[in-house]
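[1] can you look at this prediction? I've put the sequence above it.
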Amino acid sequence: MNRLSWFNVTSLTLGFAFLYLPMVILIIYSFNESKLVTVWAGFSTKWYGELLQNEAFLDAAWVTIKVAVLSSTIATVLGTMAAYVLVRGGRFMGRTLFSGMIYAPLVMPEVITGLSLLLLFIGIGLDRGVLTIVLAHTTFSMCYVSVVVSSRLLTFDRSLEEAALDLGCSSFDAFRLVTLPIIAPAVVSGWLLAFTLSLDDLVIASFAAGPSATTLPIKIFSAVRLGVSPEINALSTIMIGIVTIGVIGASLVSKRNSLKQQKDEQAAARAA
Amino acid sequence: MQRFALIAVPYAWLLALFLIPFVIVFKISLSDIALAIPPYTPTLKEGFGPFLAALDFENFAFLASDDLYWRAYVSSLRIALISTLLTLLIGYPVAYAMARAPEEWRATLMMLVILPFWTSFLIRVYAWMGILSQEGFLNQFLLWTGLISAPLTILNTTSAVYIGIVYTYVPFMILPIYAALDRLDGSLIEAAEDLGCSRFQAFWLVTIPLSKNGIIAGSFLVFIPALGEFVIPSLLGGSGTLMIGKVLWEEFFNNRDWPVASAVAVVLLLILIIPIILFQRNQQRQAEQET
């Protein structure tokens, strides 16, 4: 195999140090006793305790999770439909516009998307709150879901669906019994992506949220605008921890599944 | 019937919540302010003819007359462009080393690049506030090594904005370049070396051209969002850093001048249309090459 030259080792080391050092420093300082976040005054977990007492943050976290679950679920349904239409739908009127509307939100600056949605909500007289954030998040995350799902749809063998149709399935049954199980990993990762995007979004949520509902990123942003705070360090550490565990867990599960699939395929090949 | 519903539902959703909102932004950018609350004049109540007649380009003329906006667009373009070059300089060697790493490491290295994507963007920007401040980690470290004798002011300057953009967007550059380099056939480089190229020449004449698609895709993925960036300049930049995303936000939330904010958005969109179309073409061409 290729051995890594010293140049490659250096660039990997520096590159990953750059990516991870800031987060590591943040985590270390979250255990700092001192109120002055940059001066080390001994190990302490008191900021975690204070965070758990802070109702404003807890409320915002709850709103954020509600919004993320709702919007990512709706977005997964809509995005999967859209992907199916794009890949299997053939020609229909306005197809170019449709695919344009799927790809445009991926690259649109968030300030523009947020502004335009807010003007729409005000135009139709919708009160801003959880509902409007869900609508906004669903709209941009369905596009991410449909990109993820359609790349999976593109690569799988269409004859399987056709076989199901030949054997008397309705097209809905063929989708439910054949297509959906095959694309399920992509649908799940689409949901996860939509969920994370919703948890993370500050700009669009700020436009779509009214005074009645505040999400965690909005809360964090208004707190850190004033400067670094130890409570936010603790909150960030918790969030980094959850994400790390989630991503590593998901990748272990998918690794095990693909190993199992490989074994099944080998067994099938031997049997044949 | 089923087919119709399948197409109609996502279509209607995107029309209602993506396209129509843009039409509204466009309309408001041509309207006059009415005490910061809708409806803006003109409305459709008086009929379509008078409605059209009452729209004007006043807000755009205002943008052109105040050089704040002009400077903000130019400075956003410059920051986005320089940041894209810096991410390329940092991202390319990392992607190259990943593609050259032993097969069994690659999945792990890939996951290490993706992990920051799943970590909150806001938190990753925030992490730099503690590092770059006057008493922050970086200054303490530099003072300790004796490289500097007095703390540097980095936070709240444009340099901090560059650091923030490069840091948060470098995975967008690494991944497409890695994808291109991973597919690259190693025997081509060996052939070049057999034919008398030095290592560097082989890299310059073979590797770089073959990873061109990855470089282009990565550059767009960094440039386009960096241009409209709001979070990074407002947390890391100072009053001297002008970026159009921040101007739009302030125009909207602080000055409450919605027609001018809409006009700022329309102009930003016009600037972005060319790179967005080029990006889409590049993606399509790549997709065609793969099939």
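    It's in.
[2] in contact with the residue lying closest to B:Asp257 once chain neighbours are set aside, which residues?
    Spatially, and ignoring its direct neighbours in sequence, B:Asp257 is nearest to B:Glu251 (5.6 Å; Cβ to Cβ, 6 or more residues apart in numbering or on different chains). Where you see a C-beta, it was placed from the backbone N, CA and C, and this is true even at glycine. Contacts here follow Cβ atoms under 8 Å, 6 or more residues apart in numbering or on different chains; on that basis B:Glu251 touches B:Asp257, B:Val260, B:Ala261, B:Val264.
[3] quick check: B:Glu251 is in a strand.
    No - counting by DSSP: H, G, I helix; E, B strand; the rest coil, B:Glu251 is not part of a strand but helix.
[4] can you pull the pLDDT of it?
    Per-residue pLDDT puts B:Glu251 at 88.
[5] how many residues are close by B:Leu175?
    21 (other Cβ atoms under 10 Å in any protein chain shown).
[6] who are the contact partners of the closest residue to it other than its chain neighbours?
    Closest residue in space to B:Leu175, ignoring its immediate chain neighbours: B:Val113 at 6.4 Å, by Cβ to Cβ, 6+ apart. Applying Cβ under 8 Å, 6+ apart, one finds that B:Val113 lies in contact with A:Leu19, B:Val94, B:Met98, B:Pro171, B:Ile174, B:Leu175, B:Tyr178.
[7] A:Asn233 now?
    A:Asn233 neighbours (Cβ under 8 Å, 6+ apart): A:Leu26, A:Ile27, A:Tyr29, A:Ser30, A:Asn32, A:Val37, A:Trp47, B:Gly130.
[8] for chain B, what's the nearest residue on chain A?
    Nearest residue of chain A to chain B: A:Pro109, at 2.6 Å (Cβ to the nearest Cβ).
[9] quick check: phi and psi on that residue?
    Per-residue torsions, A:Pro109: phi -60, psi 140 (degrees, to the nearest 10).
[10] mind listing what it touches?
    B:Ile224, B:Pro225, B:Leu227, B:Gly228, B:Glu229, B:Gly245, B:Leu268, B:Leu272.
[11] show the pLDDT at the third one.
    What the model reports for B:Leu227 is a pLDDT of 93.
[12] tell me the secondary structure at the nearest residue to it once chain neighbours are set aside.
    Excluding the flanking residues, the one nearest B:Leu227 by Cβ to Cβ, 6+ apart is B:Ala80, at 4.3 Å. Secondary structure state of B:Ala80, per three-state DSSP, is helix.
[13] pLDDT-wise, which helix or strand of chain B ranks last?
    Sorting the helices and strands of chain B by mean pLDDT, DSSP states H and E puts helix B:48-54 at the bottom, at a mean of 65.
[14] next SSE downstream of that one?
    helix B:58-65 (DSSP states H and E).
[15] what helices or strands is that next one leaning on?
    helix B:67-100, helix B:258-290 (3 or more Cβ pairs under 8 Å, 6 or more residues apart in numbering or on different chains; DSSP states H and E).
[16] what's the distance between the residue of chain A closest to chain B and B:Ile271?
    Counting by Cβ to Cβ, to the nearest Å, the separation of A:Pro109 from B:Ile271 is 10 Å.
[17] go on, A:Ile74?
    Separation of A:Ile74 from B:Ile271 (Cβ to Cβ) stands at 32 Å.
[18] neighbour count: those two, which is higher?
    A:Ile74 (19 against 15).
[19] and the helices and strands packed on helix B:58-65 as JSON lines, adding mean pLDDT?
    Listed next are the helices and strands packed on helix B:58-65 as JSON lines, based on pLDDT from 0 to 100:
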{"stretch": "helix B:67-100", "mean pLDDT": "94"}
{"stretch": "helix B:258-290", "mean pLDDT": "84"}
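[20] okay, those, which one's buried deepest?
    The highest mean neighbour count among the helices and strands packed on helix B:58-65, using mean count of other Cβ atoms under 10 Å in any protein chain shown, belongs to helix B:67-100: a mean of 20.
[21] now the angle from that one to helix B:58-65?
    Per axes from the mean of the first three to the mean of the last three Cα atoms, to 10 degrees, the angle that helix B:67-100 makes with helix B:58-65 is 80 degrees.
[22] how distant is helix B:67-100 from the center of its chain?
    9 Å (Cα atoms, centre = their mean, to the nearest Å).
[23] and that helix, what does it pack against?
    Short answer (3+ Cβ pairs under 8 Å, 6+ apart): helix B:67-100 packs on helix A:6-29, helix B:58-65, helix B:103-118, helix B:158-182, helix B:212-227, helix B:244-253, helix B:258-290.
[24] are the last one and chain A in contact anywhere?
    What that stands for is helix B:258-290. Yes - using Cβ under 8 Å from any Cβ of the partner chain, helix B:258-290 reaches chain A at B:Trp258, B:Ala261, B:Ser262, B:Ala265, B:Leu268, B:Leu269, B:Leu272, B:Ile276, B:Phe279, B:Gln280.
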